[in-house]
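> Structure, please.
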Amino acid sequence: MIFALIISAFLIGSIPTGLLIAKSKGIDLRKIGSGNIGATNVMRAIGKEAALLTLLGDIGKGIIPIIIVRLVSPGFLYEAAAGFSVIMGHNFSIFLKFKGGKGVATSLGVLTAFSPHVGLFTSMLWLITAKWTRYSSLSALVAFGLLPLSFYLIDYSRQNIIFGVIIASLIFIRHTANIRRLIQGTESKIGQKA
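Down below sits the predicted model:
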C-alpha cells in the first residue's frame, strides 16, 4: 500500500503545472527565459496571474500526497517518503523525460502539510528575502538553507531536522546554476522579462 502511495506521489509531482498553463497560452516555457517550468519563469513569460496559478498548483502538488498518506498510513516515515517522492517527481518529471523544476513551491506544499508552522515560516523567509533582493533563487536558498534551524526552533525532533536537511539539500542541488549566476552577478531578478 505505501509503495503505491509513494509511486502516486511521484506521479502527482510529475504533473508540470507551469508548462501546462503556458501551453494553454500557446507558449513552450522550456524555450523562454531560464527554460524552467516554475512560477518565476511563468511570470517572466506570461504574467502574474499565470504565475500565481502555477505557484498554487505546485504547492497543491506538495500538500495532496501528505494528506492522503496521513489518512491511509499515518506516521513520520510514510509522510516523509511521500513528501520526498512528490518533490522528486516535480524535479524529475516522468512526463518530461525526467527533467523538471527546482522544487521550491512543491517543497513549500510538503512543508505546509507536514508542519504548517514551519511551512509558514519558510514562506515568510522567502517573501522577505524576495522583497529585499528581488532574486527568487536567492530567496529559496535562504529560506530552505535555514530549514533545519526552523525545524529546530519551531517543530523540534531529530527526524524533522534530518527531513529538513534532505529538502534543503535538494533545493541547493537544483539551484547550482543559479548559485553560479548569483556569484557572477548575471542572475535574473523577479519580474524581469524573458
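
> drop to CA atoms for contacts and neighbour counts, all remaining ones
Noted.

> Show me which positions of the helix ranked longest in the chain end up buried.
What stands out as the longest helix in the chain, according to DSSP state H, is helix 48-72. Using 16 or more other Cα atoms under 10 Å as the test for burial, helix 48-72 gives 50-67, 69-70.

> That one - contacts with which helices or strands?
Packing contacts for helix 48-72, counted by 3 or more Cα pairs under 8 Å, 6 or more residues apart in numbering; DSSP states H and E, involve helix 2-14, helix 17-24, helix 39-45, helix 76-91, helix 104-114.

> Please work out which residues outside it touch it.
By Cα atoms under 8 Å, 6 or more residues apart in numbering, the surrounding residues in contact with helix 48-72 are 2, 5, 8-9, 12-13, 17-18, 21-22, 38-43, 78-79, 82-83, 86-87, 105-114.

> and that helix with helix 2-14, angle?
Helix 48-72 and helix 2-14 are oriented at 180 degrees to each other (axes from the mean of the first three to the mean of the last three Cα atoms, to 10 degrees).

> mind saving the C-alpha coords of stretch 180-193 as CSV?
What follows is stretch 180-193, C-alpha atoms only, in CSV (Å, rounded to 0.1, in the frame of the first residue of the first chain):
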residue,chain,number,x,y,z
ARG,A,180,26.9,30.3,-10.1
ARG,A,181,25.0,33.1,-11.8
LEU,A,182,24.4,34.9,-8.4
ILE,A,183,28.2,34.8,-7.8
GLN,A,184,28.8,36.1,-11.3
GLY,A,185,26.1,38.8,-11.0
THR,A,186,24.2,37.5,-14.0
GLU,A,187,21.1,36.1,-12.3
SER,A,188,17.7,37.4,-13.4
LYS,A,189,15.6,39.3,-10.9
ILE,A,190,11.9,38.7,-10.2
GLY,A,191,9.7,40.5,-12.7
GLN,A,192,12.5,40.7,-15.3
LYS,A,193,11.0,39.9,-18.7
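
> what inclination does the longest helix of the chain have with respect to helix 76-91?
Using the same axes, to 10 degrees: helix 48-72 against helix 76-91 is 150 degrees.

> Can you tell me the SS state at residue 130?
Three-state assignment for residue 130 (DSSP: H, G, I helix; E, B strand; the rest coil): helix.
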